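Participant: sequence? don't have it. structure:
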């Protein structure tokens, strides 16, 4: 079916008819971020604010205050600290990063930005993940396990959601900062948020430069994000978000065949218009019109310049109804999407794709301390066809709500890419009869909430089975793609986030992961069998905060960069230290040391990671 003509018309009608926004008011930050700030609500698991205490889905939240306290600046830095989501980088800052959420590929994990998808099989986020910086008012939520029921394709491993928070009067603050350090690194930022006369605002801009450590490995970036909310009256809010990233990266290649003249440029723009209509405390209607434009250029002297362009237009209409004496909440909506991709590289792609999807999710709370959630979604693509997914989950609280038992079961899928379906070139021919990759996954766990809200300790068992994996077959006269492979990922996640003392916060995560290609009876590459992250933060009072973080990766397989044979990669441990000191209420000095033990390791064989880096910074609040 053709959706290109009706999508803009329907967007204009809905924006005028049923306003929308998903704005939330957050607690005011303290003068200096403290280790005691824990986020009690999440939105990514149900598309609406939901208490973590009663939620069955495993969700991690990194607030702006938490990222600032630990001096985490890039998305790769933040996501790599989360249980069950190991990241892999090709060397220095700005290089391609991959995330293996519960063992799934990056292209099987959905990345949402301000409510709309950033990636699909034709548009990746690996360069964005490796170089883009977090805005001063950004919150990151990571939901693990199949989430296609609410968000559609590419949510097999889970969903990573980045959103700019609404500025409020209680949060009103403006900050500027500078940082410089090893590898000729220098950067600066400005952030301002607040509210005046019913208008909330949140704006951030950051620029960075680093030479990294290898020759021809410079990286320059500019990040901009903004959000405005306008309360037209008590029942109507309208607003907009904008996010822009520009990164210039000199790519040195691997150490076996280095390239001294390859340069990559990534430009990514994403914006939304939204409105929200609240007819009563029980009904909210929200409309989001979003657009994304991405341009990636890879050029090298004496070689063909490859350019990838993608443009996406998204319309989402979501309605939330609270019924049955507050025991039943229904979330339902429709999503339309138009995508155009051009790729001058392998496959010579120039294709359009249209999507129409319907979804419904119900949260049922029949008796005290028992919570049940179920949902369905139907996606209709004009390229490969239709796909229906579902999910159910349940949580039970007992022992005065200090212990929670939870479980979930759901399905997910990844759509075939244009290259898979239609690509042509160098003895390759796409397969237009491909089906989407499909998954079914479950998890079960228990959480213990410490008295006086001092923290939580949790254990989760999970398994995800993926079928119809798309793989290349070059056995014929022309190579092509088929749905021929199967995979299984399973394991255990352990997490603790506890106030050990009044001013001491400890965080510990451990993941055991068994990730197998069942068709070839081989391990999936670069997924560590054991991954440990830990962080200890201490507020000494009088403005002094000190923290230390550890990352330990054990037992993983990789591909040899010269022989292309699989081998057992080396284990590695990295240590980071961060210190901040509030000289006055306005001025804070910062110090961080990355890879403090100068561990020499490669997350991808042939791409050395950075050695010890020391960085000094200053923040000014006004």
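Facilitator: Received it, and whenever you're ready, just let me know what you need. What you see is a predicted model; the values in this text were computed from it and never measured. Numbering: from 1, shown residues only.
Participant: give me phi/psi at residue 145?
Facilitator: Dihedral pair for residue 145: phi 100, psi 160, per degrees, to the nearest 10.
Participant: quick one: neighbours of it, just the number.
Facilitator: Residues lying near residue 145 (other Cβ atoms under 10 Å) number 31. Just so you know, the C-beta spots here come from the backbone N, C-alpha and C atoms, and that holds for glycine as well.
Participant: same deal with the one 10 residues further on?
Facilitator: Using other Cβ under 10 Å, residue 155 has 30 neighbouring residues.
Participant: for it, helix, strand, or coil?
Facilitator: Following DSSP: H, G, I helix; E, B strand; the rest coil, residue 155 is assigned to coil.
Participant: pretty sure it is touching residue 109, no?
Facilitator: Yes - between residue 155 and residue 109 there is a contact at 7.3 Å, judged by Cβ atoms under 8 Å.
Participant: is the nearest residue to residue 527 once chain neighbours are set aside in a bridge, and if so with what?
Facilitator: Nearest residue to residue 527, sequence neighbours excluded (Cβ to Cβ, 6 or more residues apart in numbering): residue 515, at 4.3 Å. With DSSP bridges applied, residue 515 shows beta-bridge pairing to residue 489.
Participant: buried sites along stretch 152-159?
Facilitator: Buried residues in stretch 152-159, defined by neighbour count with 16 or more other Cβ atoms under 10 Å: 152, 153, 154, 155, 156, 157, 158, 159.
Participant: between the two ends of it, what distance do you get?
Facilitator: Start and end residues of stretch 152-159 are separated by 10 Å (Cα to Cα, to the nearest Å).
Participant: start at 37 instead
Facilitator: Got it, first residue is 37 now, which makes that one stretch 188-195.
Participant: shaky segments in the stretch 487-636 of the chain?
Facilitator: Flagging of the stretch 487-636 of the chain using pLDDT under 70 yields the residue ranges 510-513.
Participant: centroid-nearest residue for the chain?
Facilitator: Taking Cα atoms, centre = their mean, the centroid of the chain lies closest to residue 196, which sits 2.8 Å from it.
Participant: go ahead and confirm it touches residue 115.
Facilitator: Yes - the pair residue 196 / residue 115 is scored as a contact, 6.6 Å apart, by Cβ under 8 Å.
Participant: mind listing the shared neighbours of these two?
Facilitator: When contacts are counted by Cβ atoms under 8 Å, 6 or more residues apart in numbering, residue 196 and residue 115 are jointly contacted by 121, 135, 176, 178.
Participant: list just the nearest of these to residue 570.
Facilitator: When those are compared for distance to residue 570 (Cβ to Cβ), residue 121 wins out at 15.3 Å.
Participant: number of residues surrounding that closest one?
Facilitator: Per other Cβ under 10 Å, the neighbour tally for residue 121 reads 26.
Participant: phi and psi next, for it.
Facilitator: When read as degrees, to the nearest 10, the backbone of residue 121 gives phi -130, psi 60.
Participant: for the residue nearest to the centre of the chain, what are its contacts?
Facilitator: Neighbouring residues of residue 196 by Cβ under 8 Å, 6+ apart: 115, 121, 135, 137, 145, 146, 147, 148, 176, 177, 178.
Participant: now do the helices in this protein.
Facilitator: 42-53, 100-105, 111-115, 162-167, 184-187, 454-458 (DSSP state H).
Participant: in stretch 277-296, which residues are buried?
Facilitator: So for stretch 277-296, counting by 16+ other Cβ under 10 Å, buried means 277-290.
Participant: actually stretch 204-217, not the one I wrote
Facilitator: Buried residues in stretch 204-217 (16+ other Cβ under 10 Å): 204, 207, 209, 211, 213, 215, 217.
Participant: hmm, residue 172 and the fourth one touching each other?
Facilitator: Yes - taking Cβ under 8 Å as the definition, residue 211 is a contact partner of residue 172 at 6.5 Å.
Participant: overlap of the contact sets of those two?
Facilitator: In contact with both residue 211 and residue 172: 225, 227, using Cβ under 8 Å, 6+ apart.
Participant: dump the residue contacts of the closest residue to residue 150 other than its chain neighbours.
Facilitator: With sequence-adjacent residues excluded and distances taken as Cβ to Cβ, 6+ apart, residue 150 is closest to residue 277, at 4.3 Å. Neighbouring residues of residue 277 by Cβ under 8 Å, 6+ apart: 150, 200, 261, 262, 263, 306, 307, 308, 310.
Participant: redo those as JSON lines? Include neighbour count, distance to residue 563 and pLDDT.
Facilitator: Listed next are those as JSON lines, based on neighbours: other Cβ atoms under 10 Å; distance: Cβ to Cβ, whole Å; pLDDT from 0 to 100:
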{"residue": "150", "neighbour count": "23", "distance to residue 563": "30", "pLDDT": "93"}
{"residue": "200", "neighbour count": "26", "distance to residue 563": "32", "pLDDT": "93"}
{"residue": "261", "neighbour count": "28", "distance to residue 563": "31", "pLDDT": "96"}
{"residue": "262", "neighbour count": "20", "distance to residue 563": "37", "pLDDT": "96"}
{"residue": "263", "neighbour count": "28", "distance to residue 563": "35", "pLDDT": "97"}
{"residue": "306", "neighbour count": "24", "distance to residue 563": "29", "pLDDT": "96"}
{"residue": "307", "neighbour count": "17", "distance to residue 563": "35", "pLDDT": "97"}
{"residue": "308", "neighbour count": "24", "distance to residue 563": "34", "pLDDT": "98"}
{"residue": "310", "neighbour count": "25", "distance to residue 563": "37", "pLDDT": "98"}
